[in-house]
Structures are given as structure tokens and as C-alpha cells.
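Q: turn this into a structure:
(2 chains)
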There are 2 protein chains.
Amino acid sequence: MNKNELKYIQSFAQKKHWTEESVYLIEGPKMLEEALGANCILKKIYATQDWLASNGPDQVEIEEVDALMLSRLSQLHTANQVLALVEKKPAQKVNYANRLSLVLDGIQDPGNLGTIIRTADWFGIDHIIVSEDTASVYNPKVIQSTMGSCFRVQVQVENMEQVFIENKLPVIGTLLSGNSIYETVIPLTGFLIIGNESKGIRTTIQSYITHPVAIPKFGAAESLNAAVATGIVLSKWKMQ
Amino acid sequence: MNKNELKYIQSFAQKKHWTEESVYLIEGPKMLEEALGANCILKKIYATQDWLASNGPDQVEIEEVDALMLSRLSQLHTANQVLALVEKKPAQKVNYANRLSLVLDGIQDPGNLGTIIRTADWFGIDHIIVSEDTASVYNPKVIQSTMGSCFRVQVQVENMEQVFIENKLPVIGTLLSGNSIYETVIPLTGFLIIGNESKGIRTTIQSYITHPVAIPKFGAAESLNAAVATGIVLSKWKMQ
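A: Reported below is the predicted structural model:
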């Protein structure tokens, strides 16, 4: 492998490459399997002999690398057999009226974002709108922590206010003053806003909420983790 | 500050100190506030002038340090005004019969463990049993990610099987073959087992489950994050 290619792969650790490049980096046999299963277009695979012995998708450029080179290419603590560059899917126009879309308002932590995407996928949600200041879905830490859900859930940066104005649909948001999720009916379609880990939903966005809800607290924790809160609200949404 | 003391504080990055020492490390104004609010005994505080200007608990040894020294003492990416050594609380005998206790079977990720403790605290659970191979609650990463809930929730390493045998109480566990949480009554008291992130509940422990439950899947994610699953089951437990 030449030096430029090595440097290029390593550059996916850097923020600017997540937006500028048309591809993103995935790692490990499980992620490769999920990407191929979801009909993602792989631009190139870098794999050790181990992985290649039992895998070898057609029509993808594959380069065999040794363990040392793989660890140099990898962003993981322990490189795991294979990594690949995957083409970003073009944004699909979605019909907001017949689904519940998540709206992430400033989720900062990559692990949280990944876990929220995975949780959405579990509950059958396939579209997520993110504010510009939310972590990038193409951050390798986010991609890896989705455990493959990133291939099935479309995540799109949008102007939240514009989306709410253009689509006159129910907007659910968790607010301290909201109605207990256990005592209210959560609309089946529309938007569910998840706020920033420490600041919650920003004031300018709160005014668009048509259905303020709250997860009642029975103990003393000051707040719930954003992904946990997402799971609890979506569970109630599905079970009602 | 002498070199030995500096080294000692830094040693809390190491696993063996989490079990061997009678104190653990906490960082940041918020954690200090929560620790003092929960009547924890602080052995020593190291703080910058900033923090000391508006804080200064009585009867605690306090050492002023400059920003550079704080960053050398700190385990955080960005040191945050203050850190302290807190005395571990002695294990309290609990009456398992009149509460729901969580049982964590091999939770590996410090962030997951911290988030589970925080989620338990939200739902009013004050006792958690952890298997020996669960991450240490005294790992600074766990402590920080509980956001103060570690001061209110007692976390105790126990032999899970022995606890189940000695206390003939309902044992709830999430299993793929379990009954939908939406269609079953979750016992109000007893034990709720949360399994390892990738392996779930180990086979030898599964046989103690009296109430197998499952969170139905509506999409395609292979699994839910352990903390998200904990939140969903506890939410159902509280709202039924």
C-alpha cells in the first residue's frame, strides 16, 4: 500500500473528512456483513487473510493487508480483520406524514448518537433528522456504535424549524413540564424530538412542540441518558 | 504537592486500585455537589482557586492546586476545577424481599454500567448486585458516567447463584424466548437480571429465571443497548 492511501484511510479520524468525503469507514466482520446485507456499495475492502479465507464479495476491490498494516489503518483499539470504505447513500425524499421521525437536537456524544440510531432501528424507525450541531453520523465512533443500524436508518442534517413549519404534523418533545408518557397517547406519526444531553431541547425549538411529554421520575437521578429516554418513549409509543 | 501523592492520585486510572483502596476518585463541581448532598465522607479535595472561591465544605482536608497540577491529577480529557477522594460506603445488608434489585451479569463497558446505575436511580432502585466479571463501579469512568447516582445506589459484588438460592423471590430476565413485556405483569419485587452486552445472560444463570421477558422488536436491529433495555423494562415495571 502506498503512503498516500494509508494516510487517506487514517484521515477518517478527522472531522472534516466525515462531511467532505463521499465515503465513510466501517470496521470488523460484523459491520461488513451488515453493510453487504443492506446492499451498501463498498468502494474498497482492506482485509487480512483470515477474513478473506471465508469472505470475498464480488465486484468490490479488495486489498489483502497483514495484521500490522490493518492496525495502522484502524481507528479501533484492536483492529478486527477487515475495514472498508462505504459509499454514502444519497438522501431520499421521505413522506413525513406516514411515519414517526426522530429529531435530534444537538446530541453531542458519538456513543449516544450511535445508540439512539440502533434504538430507532429496533423500533422500526427508519428516518432521523439531526441538527447541524449534532455529532456526525459518519464519525467512525458513531458508525461502529450503531452496530449496523446506520445502514438501515437514514440520518439527515436538516433545519429543524423549517421541517416543522413545512410539515404540519404532531411534534412530540420531552419536557420537564410535559404530560406523563403513561397518561397520554403518543401520536403514531409525526416527529419526536430528543434534546441535548445536558441542555435538553433548545428554547427556539420547544415552541414547535405540540405534544409535550415527560418520563416520570421515581428516584433521585437528575436526568436520564438521551438514548435511554429515547428507548422508553419509543417503547411506550409502540405498546399503547 | 509531593511526588508520591501525585502518583497516588494518578494510580486511580489502574484497575487494581479500584478494589484495593478504601477510597475512590470523583471529579468536577457537579459530582462534588452530589457527593456532599448524599453525605459521602470525603477524604481530601484538590481544587483550583475558582472552585474554592464559592465552595469549601467543612471538616474536609482541602488542597489548592493550579490548573496545570489539576490536569496532571485528572483522568478527564479536560480537568474540571476539582477532584476528590471519597470513602467507599460499607456494604449494607438489604432486605431483598421488599424491593426490586438489579442483577448485572457481566456488563463490560464502563459507560454502560454508569448509565445503568443512573437509570436505576431514576426509577427509584437503590440496590444493584453485580457479578465479579462486571466492570468495577469504582472505575473513574463508571463513577463519572453515573452523574452522581453512584452515591445513592448501592452496588455490590455478589455470587448471583447464591443470592437466587438464598432468596426465593421472583427472578426476571430478558430472554429472546421471553414473554412480551407488554403482555405480562412484571413482579414488583425480586430481581431483574441484565445480561452481558453481546452474550446476554449466561446459561448457568438463565435457569434461575422465573419470569422470562422480552422487549418485542419492530425493526431490524440485532439487539438493544443494555442500558436502553434496562430503561424500557423498568419503565414498564413502573407504569403497569
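
Q: up against chain B, what does chain A have?
A: Applying C-beta under 8 Å from any C-beta of the partner chain, one finds that chain A approaches chain B through A:111, A:115, A:118-126, A:147-149, A:152, A:181-182, A:215-225, A:227-232, A:235-236, A:238-239. Any C-beta I mention is one placed from the backbone N, CA and C, and that applies to glycine too.

Q: against B:Ser71, how distant is A:Ser207?
A: Per C-beta to C-beta, to the nearest Å, A:Ser207 is found 41 Å from B:Ser71.

Q: which one's more surrounded, these two?
A: B:Ser71 (14 against 9; other C-beta atoms under 10 Å in any protein chain shown).

Q: can you classify the closest residue to the more buried one other than its chain neighbours by secondary structure?
A: In space, B:Ser71 comes closest to B:Ala79 once its chain neighbours are excluded; the distance is 4.4 Å by C-beta to C-beta, 6 or more residues apart in numbering or on different chains. Under the three-state scheme (DSSP: H, G, I helix; E, B strand; the rest coil), B:Ala79 adopts coil.

Q: and for A:Lys217?
A: Criterion first, three-state DSSP; result for A:Lys217: coil.

Q: what's the pLDDT at it?
A: For A:Lys217, the pLDDT comes out at 97.

Q: what average pLDDT does the strand or helix carrying A:Val228 get?
A: A:Val228 is part of helix A:226-239, with elements assigned from DSSP states H and E. Here helix A:226-239 scores 97 as its mean pLDDT.

Q: again with stretch A:67-76
A: Mean pLDDT, stretch A:67-76: 95.

Q: residues in contact with it: which ones?
A: A:1, A:6, A:9-10, A:12-13, A:25, A:27-28, A:46-48, A:65, A:79-83, A:140-141, A:144 (C-beta atoms under 8 Å, 6 or more residues apart in numbering or on different chains).

Q: now restrict the residues of chain A next to chain B to buried residues only.
A: A:111, A:115, A:118-126, A:147-149, A:152, A:181-182, A:215, A:217, A:219-221, A:223-225, A:227-232, A:235-236, A:238-239 (16 or more other C-beta atoms under 10 Å in any protein chain shown).

Q: what residues are up against A:Val171?
A: The contact partners of A:Val171, taken as C-beta under 8 Å, 6+ apart, are A:164, A:190-191, A:193, A:208-211.

Q: inside helices: which ones of the contacts of stretch A:67-76?
A: A:6, A:9-10, A:140-141, A:144 (DSSP state H).

Q: turn those residues into JSON lines, columns for pLDDT and neighbour count.
A: As requested, the ones in helices among the contacts of stretch A:67-76 are exported to JSON lines (pLDDT from 0 to 100; neighbours: other C-beta atoms under 10 Å in any protein chain shown):
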{"residue": "A:Leu6", "pLDDT": "95", "neighbour count": "15"}
{"residue": "A:Ile9", "pLDDT": "95", "neighbour count": "20"}
{"residue": "A:Gln10", "pLDDT": "95", "neighbour count": "15"}
{"residue": "A:Pro140", "pLDDT": "95", "neighbour count": "21"}
{"residue": "A:Lys141", "pLDDT": "95", "neighbour count": "16"}
{"residue": "A:Gln144", "pLDDT": "95", "neighbour count": "22"}
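
Q: can you tell me the number of residues neighbouring A:Gly114?
A: Based on other C-beta under 10 Å, the number of other residues close to A:Gly114 is 25.

Q: A:Gln240 too?
A: Using other C-beta under 10 Å: A:Gln240 sits among 12 other residues.

Q: that one against A:Glu183, yeah?
A: No. Assessed by C-beta atoms under 8 Å, A:Gln240 is found out of contact with A:Glu183, at 10.9 Å.

Q: contacts only, for the residue nearest to A:Asn179 when sequence neighbours are not counted.
A: Sequence neighbours aside, A:Val213 is the residue nearest to A:Asn179 in space, at 5.7 Å (criterion: C-beta to C-beta, 6+ apart). Shown in contact with A:Val213 (C-beta under 8 Å, 6+ apart): A:172-175, A:178-181, A:184, A:186, A:233.
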